[in-house]
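**Student:** Any chance you can model this:
(chains A, B, C and D)
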Protein chains: 2
Amino acid sequence: MTEIQRPGALYQQVAAAIRAAILSGEFAPDSLLPSEAQLMARYSVSRPTVRNAIAALRAEGLIDVRHGKGSFVRSSGQPTLTLERRISRTTDSKFVMPNGDAWQEAEEPSTYRTRTTKATGRLLGLAEEEAVFGCDRLLIDAATGARAMHRTLIPFEVAEAVPVLADEPCQPPVAIYRVLTQDGHKLWWSETVRARMPLPDERTTLQLPDATPILHVARVAHGADDRPLTLEELRIGADRAELAYRITADKQPARRART
Amino acid sequence: MTEIQRPGALYQQVAAAIRAAILSGEFAPDSLLPSEAQLMARYSVSRPTVRNAIAALRAEGLIDVRHGKGSFVRSSGQPTLTLERRISRTTDSKFVMPNGDAWQEAEEPSTYRTRTTKATGRLLGLAEEEAVFGCDRLLIDAATGARAMHRTLIPFEVAEAVPVLADEPCQPPVAIYRVLTQDGHKLWWSETVRARMPLPDERTTLQLPDATPILHVARVAHGADDRPLTLEELRIGADRAELAYRITADKQPARRART
DNA sequence: TGACGTCACTTGTCCTTACGAGTTACGACT
DNA sequence: AGTCGTAACTCGTAAGGACAAGTGACGTCA
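**Tutor:** Presented below is the predicted three-dimensional model:
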């Protein structure tokens, strides 16, 4: 089991041996791996080689290393927080989101004026550098402790058409949906999901472990004429959260794929 | 601009300086960074320190390094392949998926018998180690060259109820939908989206660059009594693909969040 | 008994040196 | 003119040493 294979660089052989030992169950989840010194002796390699192998396994998200303690097999921990991306209406015409009341706001949401980037502008049907209201929230799931960054963007043009929004643009999403509906819009939403590695500031505010990507969800609320009204961005560590959608077949034949 | 900040380890200061230079635009996307030797001179540090800083930036997905050539600023490349996760029915009762005909199959799909894992069993409403049909496909997008791994799992019980499936279980998803519908099922689908770092074999078959997570989508087709019928898994590099969903408000009030 | 200091262990950082391997361009030889 | 080898660059791998910093246990001292 501790044998070293032929192919590739030495540190890759060491990494492959440790990886195989982990996947085979020889090293159980949450258990302590041999120390660097022990691995040096076990495979007869130098410390840089061992550290290089360990760095590779960290980048794969297989192990966690704690200064002064050692390397631990990461518990792949399937069960996570499932975010149901549905929106419902109650009988008294309020909007409700399945996970809505499980989140706690870590601090007062901060409102500000900002401008669209190329990406956010495209989603809102605006050019770059258009003025919008922004509202940032840091959400914490009460049960799991999972953290999420939430941002709402509202174009000035949309807010000005709805006095309640222009007056207080930083409201919870479901409240904004209600206001827009009362303004005569029949809402539907489009979401795009992306995954990427976090920037350093996202890594710290979301308290992410090594090699943990984030899910980046952009939800656009569409109203009359299918015009984009608001944009919500949700960023959450992919180690603890998954997204859930419901799909039903629509009747129109799909248009031809890109020409 | 080449100044080194105070906080943290030397290599982190170097990494922060380079990162700031990239984000400020001093180093444009796709441009060549200074070589390791030049960075050693610029910051008066040793080569391991420079390499450690570069390794940190690689893990963040900010740069790509090519052996013998140098380090390049990764073009953050927003525009990607958008996978519309919708399902439509044509007038002649076929099912169509928006991106369906843009994919090419890299090789013959392989059918086999396998068993559910804990995760796939849960999604199919089965226990662990239940026998199922499996069908793997490697898909390549004709336009962008993006690669995706696709797998369909069909429980024996479901296939046996539909002779066409038991006879030839490895059919395209839309064909399976049609067969199930002709068998009397009124279909709807649930999808769960996760992101994680790829395993080594996924890294190679999907040809992923460094620090690139994968999107892992599991789609379950539900039929009569909302019983799970089939499971499709799609794995694709998050550097080139994004998922798109459409949401409409449903009427039922959402149940209380977990107690 | 309690508090605290020390020590032995862990990983983190940083340096020096050496050579292997991929890339490119230049120049000499045919 | 064309071909090919070499040289000079790049990053990759590997070894050695030294010290800093976090952790936990043990033992001493009050």
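**Student:** for the residue lying closest to A:Ala238 once chain neighbours are set aside, what are its contacts?
**Tutor:** Take A:Ala238 and drop its neighbours on the chain: the residue closest to it by CB to CB, 6 or more residues apart in numbering or on different chains is B:Ala195, 3.7 Å away. From N, CA and C alone the C-beta is placed, and that goes for glycine too. Contacts were defined as CB atoms under 8 Å, 6 or more residues apart in numbering or on different chains; by that measure B:Ala195 touches A:Ala195, A:Pro213, A:Ile214, A:Leu215, A:Ala238, B:Pro213, B:Ile214, B:Leu215, B:His216, B:Ala238.
**Student:** Now do the third one: how many residues are near it, please.
**Tutor:** Here the number of neighbours of A:Ile214 (other CB atoms under 10 Å in any protein chain shown) works out to 26.
**Student:** show me the contacts for the spatially closest residue to it that is not a sequence neighbour.
**Tutor:** Of all residues not flanking A:Ile214 in the chain, A:Pro198 sits nearest, at 4.9 Å (CB to CB, 6+ apart). For A:Pro198, the contacting residues are A:Leu206, A:Leu208, A:Thr212, A:Pro213, A:Ile214, A:Arg235, A:Gly237, taking CB under 8 Å, 6+ apart as the criterion.
**Student:** rerun at 10 Å
**Tutor:** When contacts are counted by CB atoms under 10 Å, 6 or more residues apart in numbering or on different chains, A:Pro198 touches A:149, A:204-206, A:208, A:212-214, A:216, A:235, A:237-238, B:60-61.
**Student:** Most widely separated two among the contacts of B:Ala195?
**Tutor:** The distance between the two most remote of the contacts of B:Ala195 (CB to CB) is 14.4 Å, for A:Ile214 and B:His216.
**Student:** before we move on, the earlier item: including distance to B:Val164, could the contacts of B:Ala195 go into a markdown table?
**Tutor:** Below are the contacts of B:Ala195 laid out as a markdown table (distance: CB to CB, whole Å):
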| residue | distance to B:Val164 |
| --- | --- |
| A:Ala195 | 36 |
| A:Pro213 | 40 |
| A:Ile214 | 42 |
| A:Leu215 | 37 |
| A:Ala238 | 38 |
| B:Pro213 | 37 |
| B:Ile214 | 32 |
| B:Leu215 | 31 |
| B:His216 | 29 |
| B:Ala238 | 36 |
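**Student:** Low-confidence ranges, the stretch 101-250 of chain A, go.
**Tutor:** Within the stretch 101-250 of chain A, the stretches with pLDDT under 70 are A:101.
**Student:** As a check, name the ranges of all helices in chain A.
**Tutor:** With DSSP state H, the ranges of helices along chain A come out as A:10-23, A:36-43, A:47-59, A:118-124, A:156-161, A:163-167, A:173-182, A:200-205.
**Student:** any idea how chain A splits into domains?
**Tutor:** Taking automatic domain parsing as the domain assignment, the ranges for chain A are A:10-73, A:81-244.
**Student:** roughly how far out does the longest one sit from the chain middle?
**Tutor:** Okay, so that is domain A:81-244. From the chain centre to the centre of domain A:81-244 is a distance of 12 Å (CA atoms, centre = their mean, to the nearest Å).
**Student:** and the end-to-end length of stretch A:231-251?
**Tutor:** The first and final residues of stretch A:231-251 sit 27 Å from each other (CA to CA, to the nearest Å).
**Student:** A:Ala221 touches A:Arg178, doesn't it?
**Tutor:** No: with contact defined as CB atoms under 10 Å, A:Ala221 does not reach A:Arg178; the gap is 11.5 Å.
**Student:** and the two? which has more neighbours close in?
**Tutor:** For A:Ala221 versus A:Arg178, neighbours defined as other CB under 10 Å are more numerous around A:Ala221 (24 against 18).
**Student:** In contact with the more buried one, which residues?
**Tutor:** Residues counted as contacts of A:Ala221 (CB under 10 Å, 6+ apart) are A:87, A:152, A:154, A:158, A:173, A:176-177, A:180, A:185, A:187-190, A:227-232, B:247.
**Student:** Mark which of those are buried, thanks.
**Tutor:** Among the contacts of A:Ala221, those buried by neighbour count (16 or more other CB atoms under 10 Å in any protein chain shown) are A:87, A:152, A:154, A:158, A:173, A:176-177, A:180, A:185, A:187, A:189-190, A:228-232, B:247.
**Student:** what sits opposite whatever residue of the stretch 51-200 of chain A ends up closest to chain B in the beta ladder?
**Tutor:** Nearest residue of the stretch 51-200 of chain A to chain B, counting by CB to the nearest CB: A:Ala195, 3.5 Å away. Each beta-bridge partner of A:Ala195 is listed here, defined by DSSP bridges: A:Leu215.
**Student:** How much space separates it from DNA strand C?
**Tutor:** Distance, A:Ala195 to DNA strand C, using CB to the nearest atom of the strand, to the nearest Å: 25 Å.
**Student:** can you give me the strands for chain A?
**Tutor:** Using DSSP state E, the strands of chain A run over residues A:63-66, A:70-73, A:81-84, A:88-89, A:95-96, A:103-105, A:110-115, A:131-141, A:147-155, A:188-196, A:214-222, A:228-237, A:241-247.
**Student:** was I right about A:Arg115 contacting A:Glu129?
**Tutor:** Yes: counting by CB under 10 Å, a contact exists between A:Arg115 and A:Glu129, whose distance comes to 4.8 Å.
**Student:** Give me the more crowded residue out of these two.
**Tutor:** A direct count of neighbours by other CB under 10 Å for A:Arg115 and A:Glu129 places A:Arg115 higher, at 14 against 10.
**Student:** Please give me every residue in contact with A:Lys251.
**Tutor:** A:Lys251 is in contact with B:Ser88, B:Arg89, B:Thr90, B:Thr91, counting by CB under 10 Å, 6+ apart.
**Student:** what does A:Arg51 give?
**Tutor:** Counting by CB under 10 Å, 6+ apart, A:Arg51 makes contact with A:Tyr11, A:Glu36, A:Leu39, A:Met40, A:Val65.
**Student:** neighbours around A:Ala148, how many?
**Tutor:** For A:Ala148, the count of nearby residues is 25 (other CB under 10 Å).
**Student:** ugh, typo on my part, it should be A:Gly70
**Tutor:** The burial count assigned to A:Gly70 is 16, neighbours taken as other CB under 10 Å.
**Student:** Next up, phi/psi of the nearest residue to A:Val162 once chain neighbours are set aside, please.
**Tutor:** In space, and not counting its chain neighbours, A:Val162 is closest to A:Asp183: 5.0 Å by CB to CB, 6+ apart. Summarising the backbone geometry of A:Asp183 under the convention degrees, to the nearest 10, its torsions are phi -80, psi 0.
**Student:** Test my guess that A:Asp183 contacts A:Ala159.
**Tutor:** No: distance between A:Asp183 and A:Ala159: 11.1 Å, which falls outside the contact criterion (CB under 10 Å).
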